[in-house]
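[1] how would this look folded up:
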Amino acid sequence: VQLVESGGGLVQPGGSLTLSCAASGFTFSMYDMSWYRQAPGKGRELMASISSAGGRTNYADSVKGRFTISRDNAKNMVFLQMNSLKPEETAVYYCKAVRVIGAREYWGQGTQVTVSS
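    Residues are numbered from 1 along each chain as shown. This is a model prediction of the structure:
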C-alpha cells in the first residue's frame, strides 16, 4: 500500500499550488480521501475530504472557498487545489485514505508547502 504526495514547494503569499496524491496497493474507489496538514509545533488538522465516489466534499472553515479537493478514480489519484495561500499555511500536507466499510486507514509521507516571499 502506498500513498505518495507530490506538488509541494515554495509559493508566494496569495499564490496557488496543486497537490497530488497517487494511491496504489488497495482498491482506491472503496476509500474516502482526505488532506491534512501539520504546521511546525502543531497537531495535524483536517483540511478537506471527499467521498469514495467523489459526490461529497467537506472543508475546514479556514480553507472554504480557497481550496478544492477532487479525485480521479480511474487514475487512483486525489488532488488539492490551493489558492490565495497564506504564510501561516506553511506546513507538511498529507493525504489519508479511509475505507468506507471497516475504517482501515492509510497515510502518505507528506509534502512540504512553504508560503513565503
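[2] quick one: contacts for the residue positioned nearest the centre of the chain?
    When Cα atoms, centre = their mean is applied to the chain, the residue found nearest the centroid is W35 (2.7 Å). Residues in contact with W35 (Cβ atoms under 8 Å, 6 or more residues apart in numbering) are 19, 21, 46-49, 67, 69, 78, 80, 93-96. All C-beta spots, glycine's among them, are computed from the backbone N, C-alpha and C.
[3] out of the residues you listed, which end up buried?
    19, 21, 47-49, 67, 69, 78, 80, 93-96 (16 or more other Cβ atoms under 10 Å).
[4] filter the contacts of W35 down to the ones in strands?
    Counting by DSSP state E, those place 19, 21, 46-49, 67, 69, 78, 80, 93-96 in strands.
[5] measure S117 to P87 for me?
    Here the criterion is Cβ to Cβ, to the nearest Å. By it, S117 lies 8 Å from P87.
[6] what is in contact with those two at once?
    What both S117 and P87 touch, as defined by Cβ under 8 Å, 6+ apart, is the set P13.
[7] now for the buried ones among the contacts of W35, which pair is the farthest apart?
    Among those, the pair separated by the greatest distance (Cβ to Cβ) is F67 and K96, at 15.3 Å.
[8] tell me what V4 is bridged to.
    A22 (DSSP bridges).
[9] correct me, but it touches N76?
    No. Between V4 and N76 there is no contact under Cβ atoms under 8 Å: 10.6 Å.
[10] more neighbours: the two, which one.
    The neighbour comparison of V4 against N76 (other Cβ atoms under 10 Å) goes to N76, with 18 against 14.
[11] let me know the pLDDT of that one.
    N76 carries a pLDDT score of 98 in this model.
[12] just the one 10 residues further on next, same as before
    Reading off the confidence values, K86 has pLDDT 97.
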